[in-house]
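Engineer: sharing a sequence plus its predicted fold:
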Amino acid sequence: METTNSVEKRSGMLYPMMLIAAIAVIVFSAAGIATMMGWMPSALSVDDPVAKAGAGRARAAASTAASCRDCGVIESIRAVQSQGEGSGLGAIGGAVVGGILGNQVGRGGGRTAATVVGAGAGAYAGHEIEKNVKKSVSYRIRVRMNDGTYRTFYEPAQPAYAVGQKVRVTGQGITAAG
């Protein structure tokens with residue numbers, strides 16, 4: 001009586017799809033972490049010393065107040081970050097990658113459960129990464145008008161104004177007062 005050993009042996013590296021999926025998860029995770037931590041450079045970045053130098057001149061100009069109904073002084077400039085919207089592509093991609101990774105774990109019913117959990121976790125992670133990649137920054141400018149009221153303006157790019165600078169409100173937004 002001969003018994004044969006039916007142990008499966010896999011030689012070499014992981015399957016090519018598994019290797020590609022693992023690399024994709026690592027790259028997207030690193031990009032997501034770098035984005036959340038603020039390590040990714042921003043196209044809106046400017047040199048801060050220029051803004052500080054302009055603030056000194058703006059404060060001096062604000063002390064010579066002229067009567068102007070449409071004029072005011074910038075009280076604050078704040079960056080406002082808005083969360084991006086997920087389109088579903090991140091969730092689908094994450095679910096596929098998570099399902100592939102989960103399918104490599106366990107046997108039988110455990111493998112099925114790991115595949116389902118991996119797909120769910122991957123979908124959530126992919127959706128969150130997509131939202132973080134699509135987030136945007138706008139700038140809220142608060143102006144104290146000469147009559148004592150406050151007006152708030154939003155600009156998509158960092159404004160060329162400084163806190164304390166005298167400005168004029170026009171139909172198009174705000175401009176430096178001359």
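Structural biologist: Received it, and whenever you're ready, just let me know what you need.
Engineer: can you show me the helices along the protein?
Structural biologist: Remark: helices assigned in the chain by DSSP state H are 16-37, 48-63, 89-103, 109-133.
Engineer: deepest-packed of these, please.
Structural biologist: Highest mean neighbour count of the helices of the chain: helix 89-103, a mean of 20 (counted as mean count of other Cβ atoms under 10 Å). Yep, even glycine has a C-beta here, placed from its N, CA and C like the rest.
Engineer: just how off-centre is it within its chain?
Structural biologist: Centroid separation for helix 89-103 versus its chain: 22 Å, with Cα atoms, centre = their mean, to the nearest Å.
Engineer: run through who's touching that helix.
Structural biologist: 17-18, 21-22, 24-25, 111, 114-131 (Cβ atoms under 8 Å, 6 or more residues apart in numbering).
Engineer: and the angle for that helix with helix 109-133?
Structural biologist: Helix 89-103 and helix 109-133 are oriented at 150 degrees to each other (axes from the mean of the first three to the mean of the last three Cα atoms, to 10 degrees).
Engineer: okay, the angle between helix 89-103 and helix 16-37?
Structural biologist: 130 degrees.
Engineer: noted, bye for now.
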